Every structure is written in structure tokens, then in C-alpha cells.
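S.K.: Make a model of this:
(2 chains)
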Amino acid sequence: ETGVTQTPRHLVMGMTNKKSLKCEQHLGHNAMYWYKQSAKKPLELMFVYNFKEQTENNSVPSRFSPECPNSSHLFLHLHTLQPEDSALYLCASSQTAGGSYNEQFFGPGTRLTVL
Amino acid sequence: GQNIDQPTEMTATEGAIVQINCTYQTSGFNGLFWYQQHAGEAPTFLSYNVLDGLEEKGRFSSFLSRSKGYSYLLLKELQMKDSASYLCASDNTDKLIFGTGTRLQVFP
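M.R.: Numbers count the residues shown, from 1 in each chain, chains lettered A, B, ... in the order given. Predicted coordinates:
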């Protein structure tokens, strides 16, 4: 247990569906992250939130929409996805974003399959 | 540009020693993380190097050379449970930049 939980663990959706991924951290951290992990590719940073403010959008398509209502919760809203969006989506948190030694604590991920 | 290189796969025998190398070319470098990720699980922190040299933590050690842009993770007395992916990540000012990960398989 890393103190970061994600739901659902597995999700299968059609290209016309709308779904949301949820992440919650119980570590008192102020920064939260979404990553995409595809086979044989590096972890791709998608979004960063620091004290509930989005500080990074790594050129992510608009069909992915993040939401951070407070420092403990992070959502990723999905709509009209493509099959190539199938991947493991990892959430992480750290004390803050920026500066050095920002050890990130990861959740177990949501395995997303887009049909 | 930002680039992290590490081998894709490695194999080793139980009880042996294995070294996983990582080279990086990143701007705004602060330090180097190593994470372990078992299949279907979250990446978990192994080590963080800021200064040049070797840092030992039980069976695992990590080395950094800032001038060469090079790091390695050394695993001793390998156990079957060490079969996992090992992720090298550059700690930049406002983000971590990850390599593809090295999938290590330990055989009896």
C-alpha cells in the first residue's frame, strides 16, 4: 500500500462512452499527477496539479479532461477515446511539485481498454 | 532534449548479481530516481541519488555520475521476487522524466 488508491482497477469502454477515473491520496500531499503507461514506452506525464492548480498539461488531447477538487482527489474524465488510448493510467502524488527530491508515490493504476 | 536510456530486458539467475544501467540527457537535472514495478502493481521507490557515488541499501545499491550522465542499479543475492520492471527517472525541476523501464526476469 502506497497511500494512493485508484478506481476502477480495470475499465473497458467503447469509443462513444464517457467514463471517469478516480484517484485519492491519504498522504497529506499537495501535488498530484496523471501518467499514461503503454507497453515498451516510458511513463508519459499527462497532467500535474499543485495545490489544486493545474501546472502542467503535456499536450494531452482534449478527450482527456482532468479535475482536482481538492489536494486529496484527482479525476480523469474520458470521452470519445480512441483504441490507441488503451493503456495503464497511473496516478501519483508528492509533497509538492517543483523543487528537488519530489518522491512520487504511485497508485496501482487503472487498466483501460478502448474498443 | 530530454532522453533517458535503459535496457529493455535483462535476465539473471537466483543468487547472482545484476547491474541495470541508465543514461540520461536532461536539462534542469536535480537527481536520479529508481523505482521498482511488479506486473500489475504501482511503481515503488527504491533510491534517489543527488551526489556522485554509490549508495547502498541492503541488497540494492545505486550509483550516479553526474559528469557522465550515468547511473546504475545494482541488485545482489537475487531472489525470485526481484523479477519486476526497474524504472530510471530523472528528477527535473518540476517533473520526473522516466525511461522505458528494464524488465528483469530472475530464473531459479
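S.K.: So residue A:76, which state does it fall into?
M.R.: Following DSSP: H, G, I helix; E, B strand; the rest coil, the label given to residue A:76 is strand.
S.K.: Now for it, how many residues are close by?
M.R.: Using other CB atoms under 10 Å in any protein chain shown, residue A:76 has 23 neighbouring residues. (Each C-beta comes from the backbone N, C-alpha and C, glycine too.)
S.K.: tell me which element the closest residue to it other than its chain neighbours falls in.
M.R.: Excluding the flanking residues, the one nearest residue A:76 by CB to CB, 6 or more residues apart in numbering or on different chains is residue A:21, at 4.3 Å. Using DSSP states H and E, residue A:21 sits within strand A:18-25.
S.K.: So what's the residue count around residue A:50?
M.R.: With neighbours defined by other CB under 10 Å, the count for residue A:50 comes to 20.
S.K.: Residue B:64 too?
M.R.: With other CB under 10 Å as criterion, residue B:64 counts 23.
S.K.: Give me the next element, helix or strand, following the helix or strand where it lies.
M.R.: Element membership of residue B:64 [criterion: DSSP H and E] is strand B:60-65. Beyond strand B:60-65 in the direction of the C-terminus, DSSP H and E gives the next helix or strand as strand B:70-75.
S.K.: Buried ones in that following strand, by neighbour count?
M.R.: Neighbour counts over strand B:70-75 (16 or more other CB atoms under 10 Å in any protein chain shown) mark B:71-73, B:75 as buried.
S.K.: Just give the strands next to that strand in its sheet, each with its orientation.
M.R.: strand B:18-25 (antiparallel), strand B:60-65 (antiparallel) (DSSP bridges).
S.K.: contacts for the shortest one?
M.R.: Contacts with strand B:60-65, where a contact means CB atoms under 8 Å, 6 or more residues apart in numbering or on different chains, come from B:31-32, B:34, B:46-47, B:49-55, B:70-76.
S.K.: what is the mean pLDDT for it?
M.R.: Here strand B:60-65 scores 97 as its mean pLDDT.
S.K.: tally of neighbours for the closest residue to residue A:91 other than its chain neighbours?
M.R.: With CB to CB, 6+ apart as the criterion, residue A:91 has its nearest non-adjacent residue at 3.4 Å, and that residue is residue A:23. Number of residues near residue A:23 (other CB under 10 Å) recorded here: 27.
S.K.: sorry, back to before: reformat the buried residues of strand B:70-75 as CSV; add distance to residue A:47 and pLDDT.
M.R.: Below are these laid out as CSV (distance: CB to CB, whole Å; pLDDT from 0 to 100):
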residue, distance to residue A:47, pLDDT
B:71, 27, 97
B:72, 31, 98
B:73, 28, 98
B:75, 33, 98
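S.K.: now, which of these sits nearest residue B:14?
M.R.: Nearest to residue B:14 out of the buried residues of strand B:70-75 is residue B:75 (CB to CB; 11.5 Å).
S.K.: Roughly how far does the closest one sit from chain A?
M.R.: Note on residue B:75: its distance to chain A, by CB to the nearest CB, to the nearest Å, is 20 Å.
S.K.: which residues touch that residue?
M.R.: B:17-20, B:59-60, B:82, B:104 are the contacts of residue B:75 under CB under 8 Å, 6+ apart.
S.K.: Just the buried residues of those.
M.R.: B:18, B:20, B:60, B:82, B:104.
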